[in-house]
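[1] Okay, sequence plus prediction incoming.
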Amino acid sequence: MKYIIPQDKIEKVVFRYLDLNLKRLIRKESEYYDGFVFAYPDSGWGIIGYQEDGTLLVLRLFYSEVYFFFGLEISDLKSVIIKWAGDRFQLDIKEIIPITFEDTLKVRTEDD
């Protein structure tokens, strides 16, 4: 079944979707860069990473899921994710980069 979401409501709907699907993410230190990742409490890898230069790293698999679910243009998708992450995690985001390798979002462990 397909639903038509009015253009003026799409941001709110995507925010709600992201809130529901990512509500358990917590901030952890990154293994590979100056910044941090947002991961589930019991996971060693994140879904989203943030570099101190303002770059938001998003796991491509998740990025694609949102893209195909809502059928947004790439520029609209980037804009909505930047707004959502900036609002929810209090970040100053300058750009977003979808990444393929989850190792980039590895969480620093106590042993490191």
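    Yes, it's here. Since the model is a prediction, treat every value here as computed from it, not as a measurement.
[2] Mind listing what's buried along stretch 19-32?
    22, 25, 28, 30-31 (16 or more other C-beta atoms under 10 Å). The way it works is simple: take the backbone N, C-alpha and C, and place the C-beta from them, glycine included.
[3] residues touching the residue nearest to Lys28 when sequence neighbours are not counted, list them.
    Spatial nearest neighbour of Lys28, excluding adjacent residues (C-beta to C-beta, 6 or more residues apart in numbering): Val107 at 4.5 Å. Going by C-beta atoms under 8 Å, 6 or more residues apart in numbering, Val107 touches 28-31, 37, 39, 43-46.
[4] gap between Val107 and Glu31?
    Going from Val107 to Glu31 by C-beta to C-beta, to the nearest Å gives 6 Å.
[5] Ile97 contacts Thr55, doesn't it?
    Yes: under the criterion of C-beta atoms under 8 Å, Ile97 makes contact with Thr55 at 6.0 Å.
[6] Could you list the low-confidence segments of the protein?
    Counting by pLDDT under 70, the chain has low-confidence residues at 1-3, 102-103, 110-112.
[7] hmm, 80 instead?
    Applying pLDDT under 80 to the chain flags residues 1-8, 101-104, 108-112.
[8] And the helices in it, which stretches?
    For the chain, applying DSSP state H gives helices covering 10-22, 60-70, 74-89.
[9] Not counting residues beside it along the chain, what's closest to the residue nearest the centre of the chain?
    Nearest to the geometric centre of the chain sits Ile48, at 4.2 Å (C-alpha atoms, centre = their mean). Once flanking residues are discounted, Ile48 sits nearest to Phe38: 4.5 Å by C-beta to C-beta, 6+ apart.
[10] That neighbour and Asp92: what is the separation?
    Counting by C-beta to C-beta - Phe38 and Asp92 are separated by 15 Å.
[11] and if you look at Lys28?
    19 Å.
[12] give me the number of residues near the closest residue to Lys78 other than its chain neighbours?
    Spatial nearest neighbour of Lys78, excluding adjacent residues (C-beta to C-beta, 6+ apart): Ile96 at 5.0 Å. Applying the criterion other C-beta atoms under 10 Å, we find 18 residues in the vicinity of Ile96.
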